[in-house]
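Engineer: Predicted model, plus sequence, below.
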Amino acid sequence: MPRTALIAAMNEELAALLPAIEGATTGHCGGREFWLGQFAGEPVVAVLSGIGKVAAAITATLLIDHYQVDRMLFLGVAGGLGEGVKVGDVVVADALLQHDMDASPLFPKHEVPLTGMSRFPVDTAFSEAAARGARAALAGSQARVHRGLIVSGDRFVSTAHESRALREALPAALAVEMEGAAVAQVCHAFGTPLAVVRSISDRADDTAHVDFGRFLREVAGPLGLEIVQRALAP
Ligand code: ADE
């Protein structure tokens, strides 16, 4: 049975997952606490990624190299960018890109130098299982599940001006967050299957910081738990 990493971006989300891990023991590495046990009968390692691309890349690398995980499910919140991507919706990534990567004119904008890649892929089957889990978790509500491009950068996008600029530069982007593309680059380097699931906490506009806080306190934890339960035991 594969050992699945459950990576949460925020403490509120990890705290909701931990009570569901049976026989949990903890390990420490790289200043992080890792929770090992069984979730819905599957071996898991749960951890807080920390915020931003470097923290996420360190976490993903440790999960692969130190904890030998076979696949990763990254769970968190994001700002909605795509038209019709509303607060409460869920976006499951088809691909991820670093919107703040720019080594032009040496390399095309958004391309990670020397990889020839700007969009990093996810695992299709695992992402579909995660999307099914998200659809089941949202059944009966107005909220929708979207599939498509998620963009990441080391910036909390909190003005309408900035989110408009991102939409213009990357019209396919459905949501913006701060870790997913870094985890995707690590997973690509090691050949580790990945799914990234983001619930939309805000619209990356002038009220983003207020909406973000409220969503984290009230919705993100229980929604994340339900998505993981359904994604791992579809
Ligand atoms: N995560 C949640 N909302 C976000 C935003 N507006 N910008 C970046 N990351 C986010």
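Structural biologist: Ah, there it is.

Engineer: By mean pLDDT, which helix or strand of the protein comes out lowest?
Structural biologist: When each helix and strand of the chain is scored by mean pLDDT, DSSP states H and E, helix 208-215 comes last, with a mean of 85.

Engineer: when you scan that helix, is anything in it near the ligand?
Structural biologist: Yes. Helix 208-215 lies within reach of the ligand by Cβ under 6 Å from any ligand atom, at 208, 212. Every C-beta, even on glycine, is put in place using the N, C-alpha and C of the backbone.

Engineer: now the helices for this protein?
Structural biologist: Using DSSP state H, the helices of the chain run over residues 11-17, 53-65, 124-138, 160-169, 180-190, 208-215, 221-232.

Engineer: which residue packs closest to the residue in the chain that the ligand sits nearest to, ignoring adjacent ones?
Structural biologist: Going by Cβ to the nearest ligand atom, the ligand is nearest to Gly79 of the chain, at 2.8 Å. Nearest-residue entry for Gly79: Ala204, 3.1 Å, with adjacent residues in sequence omitted and distances by Cβ to Cβ, 6 or more residues apart in numbering.

Engineer: quick one: contacts for that neighbour?
Structural biologist: Ala204 makes contact with 79-81, 157-158, 162-163, 166, 176, according to Cβ atoms under 8 Å, 6 or more residues apart in numbering.

Engineer: on that earlier part again, please produce TSV containing the helices of the chain, extended by mean neighbour count.
Structural biologist: What follows is the helices of the chain, written out as TSV (neighbours: other Cβ atoms under 10 Å):
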stretch	mean neighbour count
helix 11-17	18
helix 53-65	21
helix 124-138	20
helix 160-169	14
helix 180-190	24
helix 208-215	16
helix 221-232	21
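
Engineer: hang on, Lys109 packs against Asp102?
Structural biologist: Yes. Between Lys109 and Asp102 a contact is recorded at 5.2 Å, counting by Cβ atoms under 8 Å.

Engineer: Where does the prediction get shaky in this protein?
Structural biologist: Applying pLDDT under 70 to the chain flags the ranges 234.

Engineer: try 50
Structural biologist: Low-confidence segments of the chain (pLDDT under 50): none present.

Engineer: Close to the ligand: what parts of it are there?
Structural biologist: Residues of the chain found near the ligand (Cβ under 6 Å from any ligand atom) are 77-79, 156-158, 176-178, 201-202, 204, 208, 212.

Engineer: Show me which of the residues you listed are buried.
Structural biologist: Taking 16 or more other Cβ atoms under 10 Å as the criterion, what is buried in the residues of the chain next to the ligand is 77-79, 156-158, 176-178, 201-202, 204, 208, 212.
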